[in-house]
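Colleague: can't give you the sequence, but here's the structure:
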């Protein structure tokens, strides 16, 4: 272990220095929904908590599609920055902003139609659907400012500036919690809004974050050289397609995974609203650790992109493997926390003892899938930095929709194992994705490294 540590020590330090602010910033997206869940669970009751589960599960698909598309610019910016093509970075920002605003509008329209026309036909408890509809519409509207924020966030992170987005995310979440409590409880003369209150707080929070992040980028001296290439009307097909060739497959990768969990929430909703509420609590806790791993994945994509742009495939492999070590160590810690405190953690969200009992069982399963969840998302980030997105997209589809969901349906619904059976299926999907993506990384990185060695030998 000591030899291994010294071998990768420089990369551990470099990756953690880059990753920690990204991790905290990434957590911002999940902590908004986490705080919504906590506020509703304590102040609005179990039916409202189930409504949050239903709406959040569906909205999560829209959320990750938008985030995935916005990720398309980061590896390109990292690669061009590595080659010192500074003007190109600004031009990519112009095209990224255009794509993300259009994506946000499209995702809102889809979310609205799902809320108005689809929710009534999913076999859910009517009281749950009644509260979920307005909440889902407000979440859908919030995706537009969220993607504007993400445009600037991915630009700055691609250039190695990660701390400002972290700070804005922290203050944004504080604002979201304060507004959520005020709106849900009905403080300061405001009528109690219930579930709709956290929808309004989320929308306001994301609008403020987008404005502040944009002001930071355009006023900071750090980006003046890069922004010489930024012209809001300078939209061209070539750069937009470059972004979408990476962003669209990444969006599909995340969508295949998150939609599997969303469909799982709908399946669990047919069992009962207590089970659905328990699923929301357990998945909310697991989502926190997932987004931390996703932050490591984003940092891994940046470092991989830098090294790939420099054709330094040896350091690319060293950096990537060190990221695998970091995420495994982190997920082992969170798995231990889930196991040791499986009866205590649910109290953060609810005091319903029936729900807490079910959550305690699910957290044991969540502890097991932590390792697979962390390694698969880091694997996706490493491959994204290298520009390899198409095969990983196929892998995620097979893992979640051919393995995970069918297994969950068979075990949970057909074999009557209930909510635990659905979660066993999700574990199988995560395991398949993790293993296949690691083999893909080994194959691609060794191929590039061998090619570089061959070229150097010829020279």
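Modeller: Cool, the structure landed. These numbers come from a predicted model, not from an experiment. Residues are numbered from 1 along each chain as shown.
Colleague: shaky segments in the protein?
Modeller: 1-6, 8, 25-45, 82, 124, 192, 449-459 (pLDDT under 70).
Colleague: nearest residue to residue 265 in space, ignoring adjacent ones along the chain?
Modeller: Nearest residue to residue 265 in three dimensions, chain neighbours excluded: residue 57, at 3.7 Å (C-beta to C-beta, 6 or more residues apart in numbering). (C-beta placed from N, C-alpha, C; glycine too.)
Colleague: can you tell me which residues contact that neighbour?
Modeller: 261, 262, 265, 266, 280, 283 (C-beta atoms under 8 Å, 6 or more residues apart in numbering).
Colleague: which helix or strand lies directly C-terminal to the helix or strand hosting it?
Modeller: If you go by DSSP states H and E, residue 57 is part of helix 46-70. Next helix or strand after helix 46-70 toward the C-terminus (DSSP H and E): helix 73-82.
Colleague: tell me which residues are up against that next one.
Modeller: Identification of contacts with helix 73-82 by C-beta under 8 Å, 6+ apart yields 86, 88-89, 92-93, 95-96, 151, 154-155, 157-160, 242-243, 246-247, 298, 301-302, 304-310, 384-387.
Colleague: between the one helix or strand residue 112 maps to and helix 46-70, how big is the angle?
Modeller: Assigned by DSSP H and E, residue 112 falls within helix 86-113. If you take axes from the mean of the first three to the mean of the last three C-alpha atoms, to 10 degrees, helix 86-113 sits at 150 degrees to helix 46-70.
Colleague: what packs against helix 86-113?
Modeller: helix 46-70, helix 73-82, helix 126-158, helix 224-227, helix 237-269 (3 or more C-beta pairs under 8 Å, 6 or more residues apart in numbering; DSSP states H and E).
Colleague: the last one to helix 126-158, inter-axis angle?
Modeller: Orientation check (the same axes, to 10 degrees): helix 237-269 against helix 126-158 gives 150 degrees.
Colleague: likewise for the first one?
Modeller: In terms of direction (the same axes, to 10 degrees), helix 46-70 departs from helix 126-158 by 30 degrees.
Colleague: number the chain from 38, please
Modeller: With 38 as the first residue, the last one maps to helix 83-107.
Colleague: helix 83-107: which residues count as buried?
Modeller: Neighbour-count burial for helix 83-107 flags 83-107 (criterion: 16 or more other C-beta atoms under 10 Å).
Colleague: now the shortest one
Modeller: For helix 261-264, burial by neighbour count (16+ other C-beta under 10 Å) applies to 263, 264.
Colleague: mind checking how far the closest residue to residue 102 other than its chain neighbours is from residue 253?
Modeller: The shortest distance from residue 102 to any residue other than its chain neighbours is 4.5 Å, reached at residue 288 (C-beta to C-beta, 6+ apart). Counting by C-beta to C-beta, to the nearest Å, the separation of residue 288 from residue 253 is 25 Å.
Colleague: who has more neighbours out of those two?
Modeller: The residue with more neighbours, out of residue 288 and residue 253, is residue 288; 23 against 19, by other C-beta atoms under 10 Å.
Colleague: so who does that one touch?
Modeller: Taking C-beta under 8 Å, 6+ apart, we find residue 288 in contact with 101, 102, 103, 104, 105, 106, 108.
Colleague: hmm, residue 291 and the first one touching each other?
Modeller: Yes: taking contacts as C-beta atoms under 8 Å, residue 101 lies within contact range of residue 291: 3.7 Å.
Colleague: give the contact list for residue 322.
Modeller: With contact taken as C-beta under 8 Å, 6+ apart, residue 322 is in contact with 375, 382, 400, 403.
Colleague: over to residue 277?
Modeller: 132, 135, 136 are the contacts of residue 277 under C-beta under 8 Å, 6+ apart.
Colleague: closest one of the residues you listed to residue 472?
Modeller: residue 136 (32.7 Å; C-beta to C-beta).
Colleague: how about the closest one, what does it touch?
Modeller: So residue 136 contacts 106, 109, 277, 280, 281, 284 (C-beta under 8 Å, 6+ apart).
Colleague: tell me which two in the residues you listed are the farthest apart.
Modeller: For these, the farthest-apart pair by C-beta to C-beta is 106 and 277; their separation is 11.2 Å.
Colleague: okay, and residue 252 sits in which element?
Modeller: Following DSSP H and E, one finds residue 252 within helix 232-256.
Colleague: against residue 84, how distant is the residue nearest to residue 302?
Modeller: Remark: distance between residue 94 and residue 84 (C-beta to C-beta) = 16 Å.
Colleague: how many neighbours does the closest residue to residue 241 other than its chain neighbours have?
Modeller: Distances taken as C-beta to C-beta, 6+ apart place residue 216 nearest to residue 241, at 6.0 Å, with adjacent residues excluded. Residue 216 has 21 neighbours, counted by other C-beta under 10 Å.
Colleague: for residue 216, what are its contacts?
Modeller: When contacts are counted by C-beta under 8 Å, 6+ apart, residue 216 touches 237, 238, 241, 242.
Colleague: export the helices and strands packed on helix 123-150 to JSON lines and tack on distance to residue 415?
Modeller: Formatted as JSON lines, the helices and strands packed on helix 123-150 follow (distance: least, C-beta to C-beta, whole Å):
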{"stretch": "helix 83-107", "distance to residue 415": "16"}
{"stretch": "helix 110-119", "distance to residue 415": "15"}
{"stretch": "helix 163-195", "distance to residue 415": "16"}
{"stretch": "helix 261-264", "distance to residue 415": "27"}
{"stretch": "helix 274-306", "distance to residue 415": "13"}
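Colleague: got the buried residues for stretch 265-276?
Modeller: Using 16+ other C-beta under 10 Å as the test for burial, stretch 265-276 gives 266, 267, 276.
Colleague: now, which of the residues you listed sits nearest residue 246?
Modeller: Nearest to residue 246 out of these is residue 267 (C-beta to C-beta; 20.2 Å).
Colleague: so for whatever helix or strand residue 204 lives in, what gets flagged as buried?
Modeller: Using DSSP H and E, residue 204 sits within helix 200-222. Going by neighbour count (16+ other C-beta under 10 Å), the buried part of helix 200-222 is 201-203, 205-206, 209-210, 212-214, 216-222.
Colleague: residue 378: neighbour count?
Modeller: Neighbours of residue 378 (other C-beta under 10 Å): 13.
Colleague: actually residue 54, not the one I wrote
Modeller: Close neighbours of residue 54, defined as other C-beta under 10 Å, add up to 12.
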